[in-house]
Structures are given as C-alpha cells and as structure tokens.
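>>> below is the sequence, then the predicted model.
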Amino acid sequence: MKKLWNNKTTRTNLTTYLVVTVAFVVMQLMSSFGQLGSAMKGYLIPVCAYIVMAVSLNLLVGVCGELSLGHAGFMGIGAFTGIVIAALLQDAIPNDTLLLVVAMFAGGIMAGIFGFLIGIPALRLRGDYLAIVTLAFGEILKNIFSNLYVGLDSEGLHMAVSTGKVQLLEGGRMILDGPVGATGITKLSTFPMGFVLILFTLFVVLNLINSKEGRAIKAVRDNRIATESVGINVTAFRMKAFVVSAFLAGMAGTLFGLNFSSLQASKFNFNASINVLVFVVLGGMGNILGSVISTAVLYILPEAMRGLDDLRMILYAVVLIIVMLFTWSPSVKNAVQSVTASVQEKLRKNKKEAVNNE
Amino acid sequence: MKKVFAIVLAAAMIAAMFAGCGSGSSADAGTIKVGMTGPLTGGAAVYGTAVEAGMKIAVEEINAAAGDSGLKIEFKSADDEHDGEKALNAYNTLKDWGMQFFAGCVTTAPCLSVAPQAVEDQVFMMTPSGSSEKIANTGSNIFQMCFTDPNQGANAALLVAEKEMATNIGIIYDSSDDYSKGLVDGFKTKGAELGLNIVCETSFTSDNKSDLSTQVTQCKDAGCDFVFLPFYATEAAQVLTYANKIGYEPTFFGCDGMDGVLTIDGFDTALAEGLVLMTPFNPDAEETQDFVSKYKDMMDGVVPNQFAADGYDVIYSIYNACVATGIDGTTSAADACAKLEEYFATYTFDGLTGSGMTWDAAGMISKVPAAVIIENGKYVAF
Amino acid sequence: MQIIQYLINGISIGSVYAIIALGYTMVYGIAKMLNFAHGDVIMVGAYISFCVTNYLGLPAIVSIIAAMAVCTVLGIIIEKLAYKPLRGTSSLAVLITAIGVSYFLQNAAQLIWGTAPKNFTSIVTFKPFSFADGALVITGEVIITIAASVLIMVGLTLFTGKTRMGKAMRAVSEDRDAAQLMGINVNQTISMTFAIGSALAAIAGVLLCSTVPTLQPTTGSMPGIRAFTAAVIGGIGSIPGAMLGGILLGIIETFSKKYISTEFSDAIVFAVLILILLVKPTGLLGKQVQEKV
C-alpha cells in the first residue's frame, strides 16, 4: 500500500478519486440533512455532466494536444439520443436507474460513432485547422438537431427533417419537435448516477492516460514527427482518444438531457463548447483533478454572483481574464512572486526585530 | 498546480462572498414575494429588460398606494440568458429567496424548462410573454398573459380573410424560433380553411438572420402583394429597410412580436407606414399614457412595447387576485397557488393589454385580438 | 436575371465578411492567435459611428473616422492588457482570454447603450440603381462595400509588401525570434497589427450595419464567426485569401438559401468549409508549411 502511495501517478490518481468521493459524500449528507438550498441542489447534476465533459475534453486538449471547439455537439448527440431511447424503452424497462444507464450507453455509443465518422476527415488536419473543423461539425450538428422531428406512437418511431412530415396516430407524441426541442422529458438523472458517471469517466480517462496507449498519445502531443519516426501509428492513437472523448461527452449529454423537462438544440452551440474549454484551460491542461475543480467552481461562480444584478456578467468576464493572467502569464507570475517575496522578507524582518526587542 | 489550486480557492471564496449578498429575508405578512426570470443579458435581453421594467413600475405603484394597512410586493428578478438550464437555476435561486409567485419566464424555451418544476413545487406561475401552447398545458397552475402562437396565427389569418387584404401571400419566418413557427403553423392551418393563397414561404435561422435580403427578394420574385412577418421588431426593421431599398411595396403584416418597431432607435418610421400588426398594447392610446411616461423615465426615454405592458399586467393580476383571496406574505407558495388557481377560473381582469380578460381551465388567456395600422408614425386601430 | 440578383446579394454580404476576415487574418498571421473578440470590436465601431451621426448629428465620414480612432485605441489597450502578458505561453490561454474580452465588450456595450436594438442609418445616401424594370436592383451599399473591400485588400497588400512596417510584420509572421534578432521591435509590430486590425473592424462595423441595420451588443458575434470561417476557407494568414474566402462564403450562403434550403444553409456553409479543408488542408490560398524536424 505504501509502495503504491509512493508512485507519483498513482498518488495523483487516488487523490482525484478521493476528492470526488469526499465531495459527493459531503453533498449527499448535506442534502439529506436539508442543508442544501433548491439552487444548490439544482446545480448538482449539471455540474456532474459538465465535469465529465471537461475531463473528456481534457483528454483531447490537454493530453493529446488537439484543440476541439465542437465538443458540445457530441453532448447534444448524447442528449437527444438518450432522450429518444429513454422515451422508447420507458415501458420495456420499468427500473429508472437501469433505463438511465441504457440511455447513457446509447447516447455515448451514438456520440462515439459520430466521433469516429467526424474523426476520419477531421484528424487529417492539425492545430487551428482541426479546431475550425470541429467548430464546423458542432454547428452542423446543432443545425440538424434544430430541424429534426421525432415522434412516437403505437407503430413505433417516426423521423423527419422538416416540419409537418411526422404524422402520428392517436395517442402518439412528439419527442423532438424541431426548434421547440424535446419537451415532456421524464427526468431520470440523479446525483448518485452523476457521481457514478464521473467515477466511470475518471477510470476510463486515467487508465487510458497511464496505459501504453496513453504514453503514445502524449508522445504524439509532444513531438508528432519523432513519434511517427519510431513506428507508432499516430493517426490510430489520435482517433482512439477522439472517439473515447466523444463517447464520454455523449454519456454526459444523456445525463444532462435527462435532467431537464425540456431541451433545445441551441443549448449545444459554440458558446457551450467554449465554456467547457474554459473549464479545461483554467483547471490546467492534462490536469484531470484541475478540470473537476475548475468546472465546479466556474459553474457556480456566475450563479453565485446573481446578487450583483447588472454587473454580474461583466464582472464574470473580468474575473475570467484576471484568472487567466494570473495562472498563465509569466510576467504577472513574476510580479506576484516578487511581491510575495518582499512581503515575506518584511514579515521576517519584523519578526526578527520583535525577537531582538524582547 | 499549487497555484492553480490557490486561485481556484480564491475564486470560490469570492463566490461565497457574493452568494452571501443574495440570501433571503424572513416572511412578512404585509409583503408578498414575487419573482421573475428573463433574459437580462445576451441577444434576447431587450425582451427581458422590458418585462422587468414593466413589472417594476407595477410594483412601485402598488407599494406607493398600499399605505400602512395594505399589502405590498417585494420583487426580485433574475437573469436566465434565454436558456432553459440557467432559467431553472435562476428559478431555484428565487425559491431559496422565498418567492411565493413566479411571474416568468419571458421567452418560451426557459418557460418550458421551468414550468414542470413549478408544477412539481406547486408554485403559481404566470408568464407574461411565453406564448407556446405547451407552456400552459404543462399543468393547471401555469398561466399565460399573452395569446398562444397558433391561436394568434389563426386570428391573423381570419383578419386577412375578413378584410380581403391579400391575393398572393408570402411568408418569411424564423425556423429556429418556436414563436415564429407556431404563428406560421396557425396561420397556414386557418388560411387553408379560409382559402388564402400562399405562394411563397421562406425562412431564416437565428444564426443567419443578419442577412434577410434573399428572403425578401424571393417574396418579390414570387409576386407577393402581402407578406406575413411573424417575428420580432428588429428583424422586421431589417426586412422593411431592405424592401424599401429595392422598391418592393407589398402590405406587410406582423404579430405582437413586431410591436416596438416604431421606437427602434435610428429606424426611419416612414418605412413602416401602412404596416399592419396585431398587438394588444397601444402606446399612443389615452389610457396607457401614465404607464408610458413612467416607463420612459425608467428606461432613458425608450417607449414601452407590449412585453413591458404584459409584465405590468402580470403583476397587477397576481396582486389583485391576492387581495381578493386574502393571501398575504405568510401564506405558503403551495397554498397561495391552490387559492389562485381556483380564483383564476372565474377571474376577469382589466389591464393595459385589454379589458375583460379571462383564463380557461388550461391557463390560456382569452382576450379580444386587436390589430393596428401604422399611419403617420402612430398606431391607429385597424 | 434572378440569379444575378442573388449573386450580387451574395457578393455584397461576402464583401462585409471579407473585410472582417481581413482583420482576423492580419492578427492571426502575425500574432498567431485566434482573436475571438474581433467580432465585438466591430460592434463597438458600429455603435460609435451610430452615436456620432445620430446623437451629435455629424456627417457619416466623421463618424467613420471617430469609430476607427476609438477602435484603434481599444484594440491597442486590449492587446496591452489582455494579450501581451500571455505572449509566448500556450495559444489556448490567449484564446480563452480573447473569449473573456469578448464577453466583457458585449456586456459593457449593454451597460452603455442598453439592450434595445438600434437601427443603424446607412452611411450611403445615393439612390439604388435599377435595371430591367426593377428586376435587378443594385443598392448603394453593395457598391460601397465591394469597393471598400477591394480597396482595403489592395491597400493591405501594398502595405505589407512595400513599407518598412509591413515588411517587419511579414518578418515577425515568418519567424518571431529571427525577426527580433534582426532588430525588429516585435512588441511594437504586434501592437501595430492590432491597431490596423481594429481600425478595419471599425470600417467593417459601419459597412455591416449599413447593409444589415440591426445594431445590438451581440451584433458582432455571428458575423465574427462567419468571417473567421471565411478566413480559414481562404487560408488564414493570407490577405487575398481572406477576400476570396469572404466573397465565396457570401455567395454560398445566399445560393444555398435560395436554391437548397433556408433551414439548412448554416450546415451547408460549414460543410463546404470542411470539404475545402479536406482538399486543401490550409485553405484555398494558404501556404503549405513543411514541418521541420
């Protein structure tokens, strides 16, 4: 056990699991003792979903070094697939938890398939060009979802991409209704399931990072040409990371989608992708625990600032810029260091003087 | 790594500090708590801020007139950024504050996200401007102050047929917006019944609405002498400006979302001459002048539109019902909800957006549809 | 005749995209960053121009100069405060800061000018030209926008090709370290790039709002993304590429709305982008950079 703890990677990984578990237990306890307000309770499941989003994007951006600006698109695929599957199997699977799990895997697999299909052309590109292609795919997916009509009646599922084409029999209902989106969703997501999904994600991602594949992936990030020259199939590894990331984002999407009574495709727009990217970058590239914490804090921060009324969003922007400067800028870091050093120096002097005076 | 942690913790502390500011106060018998959410920032902010201001005026009037014995209102608004997820968060924040009545949301998508929660919590909800049929149908405690979309679309078709306004009809609509789609569906269904001749139907989405020249040209090429524009004033101004540039002069016809077209800063109102629109609120009418001047004071001279008037009416309808049913600040939200639900079944309300308004069992409003035509830069009853 | 009308509409909106894309491309080429706040600088420029004409009653040309001046200063301030401290670190960090700046500008604009949209008064006053009994109409804005975009493109090409500052920019773009060793003041050069990019944004703002009169705090964001797409189609970093990409994008958008589907025109535009990148991974006129080991 001690030997295990001395291994740095294992230690970091165990800390990550520990922090997440402690946070979950604390929240669960507070909730059962009625210490959590409705607002706080409302944040729990979305935060879980966004944590999974951030961790899966971190696999892509931080570990693989591929910038993706369309991650929310995969979340959308997962959400809408999950919603349709949950509605379809509602009668077949009476157990809500089981239904949620099935829906989540369906959402994840669908997103993974799309990830693979998108990856074939997209992964031929690099850097900012890959970024713009992922952005483009995200926008295309959003555009298709907001024109997708899915109805369910006694004859089964009906689908169309233009209004008025889906004719339902008596007793049927629209699951997805174009721009109106999905309405009347049965809320299946629970906080414990969100926690389980986070654990699952951490398990998948941490294992992938520390496996042979993970080392190859990191080698690709650090020097692609050198990696290629030693005979590693770069594209295969990039594709693997891309598909796993999309799969997890899809599962997060299902969790997210089944937490709301209604959901519109416009939710999964460019801004949503950017938001998740902000979580990743602020938490630290490749730093999984960092992603978890920064997601929780940055999700709640603008909500907690509601007391500021008009100034809320503008101050959020300012906080974002300042935090970026403090965590990334070498010059600001140096300035902070010199200030803290001089303060420490002064304190030490004062202490010495105090000792001398005695 | 350590530094990231330190900063994250610092941010968390800032957050906790701000969170402290917004905590609720205890219940006071003489004050009822009304909350609203709407888009106060972002692309749809113009509607949210209008409703918010209209509500604030109503609250100020009520509190000023209440005196010592009367019932007062404590009002709180929260930003939902026109997003279902944020709206639910905002609603929950208001619930923690101790909200008894929910006077929101402003736009449809957030309404659809919050309404099922309001049904679950048994909180009385009345949306000033969320117009999808699905909102009121969510539950018996969800009410609407505005017309539902298919309903209004059908009214529009009826008016067009009655007044014989059109031979060749063109429609331009926003296919990414449920309000616009709802109106078109209602208009087309009723129009088919009445034998209206729709020759051109074209659309845009919220992502490409910055350029509407193609759509206007399409209507022109199809020879439309009447164009139905079921969307908001901003896009309408764009259509009117472009049509004028290319010398296209059909009858343009809009719905309540188009209200406010005359007061867009910098818009040449001459272009809107002859435009017909269905709006329940007329800022040029005599009985609304008091409200209009108060609104102008509050919003730097901006003339109120029907969103503001709907917001104002929502506050008064809730307040009057509370006075009538004896609800005060100590009544729990669920009790108040049950009482109001019962009261609204037989309630008749007179406000800025109409008189003799009643609500049906689903919570949808019934009021007389009104249309105006723009003549010499003013609304004139049509 | 109809098809010509749509072509002209497409070229017109495409020229606006082109001017915005020129700003994107300049900044990307030299500072190697995706400046997502560029669209919001456009919005600020349009607001300044609106205020000068509508509230101060000054002529349009004065308003354009005022907008350019304000945006230039704004661009330099943003660069100094938000981007410069991050130079040399991950390009992602700068991207996120740019997004922070974008949020800031949008919300600041809302606080200053309110949420109610303004209807921009077109700077073009002369009458539209009408051909074939009104079947084909060319508005003044179309002519001015196309002329402006061509002028700007030619001006920028000459500037980067012939002047000392322009050459310095190209040197910084090729190899920042080598340029520094040759005695080029890299910081000053990058500031200059931002100044020029922002001044272009001001012109783009005025022309965008003359074509599409709605002006609100979010006006710049969607055209900003479109223009970014245009810059990539043309080959980001290339000046004629931005022009070509912008106009192509405008035409594709208009034609897909007319002949395919208005609902799916967004998807079509982005699908074309992907196709182009698959055939030419660095855009139509982008340079193929051979990676060195």
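Perfect, thanks for sending it.

>>> excluding its backbone neighbours, what's nearest A:I314?
Spatial nearest neighbour of A:I314, chain neighbours left out: C:N107 (4.0 Å); criterion: C-beta to C-beta, 6 or more residues apart in numbering or on different chains. For the C-beta atoms, the positions are set from N, CA and C on the backbone; glycine is no exception.

>>> I'd like the average pLDDT over the helix or strand containing that neighbour.
Assigned by DSSP states H and E, C:N107 belongs to helix C:91-113. Helix C:91-113 shows a mean pLDDT of 91.

>>> show me how far that helix is from its chain's centre.
Distance, stretch centre to chain centre, for helix C:91-113: 17 Å (C-alpha atoms, centre = their mean, to the nearest Å).

>>> buried residues of that helix, list them for me.
Neighbour counts over helix C:91-113 (16 or more other C-beta atoms under 10 Å in any protein chain shown) mark C:92-110, C:113 as buried.

>>> and for residue 182, the neighbour number?
In the absence of a named chain, chain A is used. Per other C-beta atoms under 10 Å in any protein chain shown, the neighbour tally for A:A182 reads 27.

>>> my bad, the chain I had in mind was chain B
Neighbourhood size, B:G182 [other C-beta under 10 Å]: 25.

>>> equivalent analysis for A:A335, please.
13.

>>> cool, the one 10 residues further on as well?
Here the neighbour count serves as a burial measure; for A:E345 (other C-beta under 10 Å) it reads 10.

>>> ditto for B:A370
Residues within reach of B:A370, counting by other C-beta under 10 Å, total 18.

>>> state the distance from it to chain A.
Remark: distance between B:A370 and chain A (C-beta to the nearest C-beta, to the nearest Å) = 27 Å.

>>> against B:T127, how distant is the nearest residue to that residue once chain neighbours are set aside?
Nearest in space to B:A370, with sequence neighbours left out and distances taken as C-beta to C-beta, 6+ apart, is B:P280 at 5.7 Å. Separation of B:P280 from B:T127 (C-beta to C-beta, to the nearest Å): 15 Å.

>>> do C:F131 as well
Relative to B:T127, C:F131 is positioned 50 Å away (C-beta to C-beta).

>>> who has more neighbours out of those two?
Set side by side, C:F131 and B:T127 show more neighbours around B:T127, with 31 against 12, by other C-beta under 10 Å.

>>> correct me, but the more buried one touches B:V106?
Yes: B:T127 lies in contact with B:V106 (C-beta atoms under 8 Å); the separation is 7.4 Å.

>>> ok, the residue nearest to A:I314 - contacts?
C:N107 makes contact with A:M313, A:I314, A:A317, B:T41, C:P217, according to C-beta atoms under 8 Å, 6 or more residues apart in numbering or on different chains.

>>> 7 Å - rerun?
By C-beta atoms under 7 Å, 6 or more residues apart in numbering or on different chains, C:N107 lies in contact with A:M313, A:I314, A:A317, B:T41.

>>> most widely separated two among those?
Using C-beta to C-beta, the contacts of C:N107 span at most 10.8 Å, a distance reached by A:A317 and B:T41.

>>> re earlier: thought the residue nearest to B:A370 was touching B:F307?
No: if you go by C-beta atoms under 7 Å, B:P280 and B:F307 don't touch, sitting 11.0 Å apart.

>>> got any residues that touch both of the two?
With C-beta under 7 Å, 6+ apart, B:P280 and B:F307 have no common neighbours.

>>> flag every residue of the stretch 51-200 of chain C that's near chain A.
Selection of the stretch 51-200 of chain C residues close to chain A by C-beta under 7 Å from any C-beta of the partner chain yields C:82, C:85-86, C:88-90, C:92-93, C:96-97, C:99-101, C:103-104, C:107-108, C:111.

>>> quick one on the thing from earlier: what is the subsequent helix or strand relative to the helix holding C:N107?
Using DSSP H and E, the next helix or strand after helix C:91-113 towards the C-terminus is strand C:118-119.

>>> let me know the next secondary structure element after the helix or strand of chain A at the bottom of the mean pLDDT ranking.
Of all helical and strand segments in chain A, the minimum by mean pLDDT, DSSP states H and E falls on helix A:2-6, at a mean of 66. Sequence order places helix A:8-32 as the next helix or strand after helix A:2-6, per DSSP H and E.

>>> centre of the chain to that next one, how far?
In this view, helix A:8-32 has its centroid 18 Å away from the chain centroid, taken as C-alpha atoms, centre = their mean.

>>> other SSEs contacting that helix?
Judged by 3 or more C-beta pairs under 7 Å, 6 or more residues apart in numbering or on different chains; DSSP states H and E, helix A:8-32 is in contact with helix A:191-210, helix A:288-304.

>>> would you mind finding the most buried of those?
Each of the helices and strands packed on helix A:8-32 was assessed for mean neighbour count using mean count of other C-beta atoms under 10 Å in any protein chain shown. The highest is helix A:288-304, with a mean of 24.

>>> now for the next helix-or-strand element following it, which elements pack on it?
Toward the C-terminus, helix A:288-304 is succeeded by helix A:312-328 as the next helix or strand (DSSP H and E). If you count contacts as 3+ C-beta pairs under 7 Å, 6+ apart, helix A:312-328 packs onto helix A:288-304, helix A:330-357, helix B:2-21, helix C:91-113.

>>> quick one: residues in contact with helix A:312-328.
Contacts for helix A:312-328 (C-beta under 7 Å, 6+ apart): A:282, A:301-302, A:305-306, A:308, A:332, A:336, B:3-4, B:7, B:11, B:41, B:79, C:82, C:85-86, C:89-90, C:93, C:96-97, C:100-101, C:103-104, C:107-108, C:111.

>>> repeat for stretch B:123-133
For stretch B:123-133, contacts defined as C-beta under 7 Å, 6+ apart pick out A:180, B:47, B:51, B:101-108, B:111-112, B:115, B:118, B:135, B:141-150, B:178-179, B:182, B:307, B:310-311, B:314, B:317-318, B:333, B:336-337, B:340.

>>> could you redo the last one with a cut-off of 6 Å?
B:51, B:101-103, B:105-106, B:108, B:111, B:118, B:141-146, B:148-149, B:178-179, B:307, B:310-311, B:314, B:333, B:337, B:340 (C-beta atoms under 6 Å, 6 or more residues apart in numbering or on different chains).

>>> how about the strands in the stretch 151-300 of chain A?
When assigned using DSSP state E, counting those that start in this stretch, the strands of the stretch 151-300 of chain A occupy the ranges A:156-160, A:173-177.

>>> can you say which of the ones you listed is packed in most?
The highest mean neighbour count among the strands of the stretch 151-300 of chain A, using mean count of other C-beta under 10 Å, belongs to strand A:173-177: a mean of 20.

>>> sounds good, over and out.
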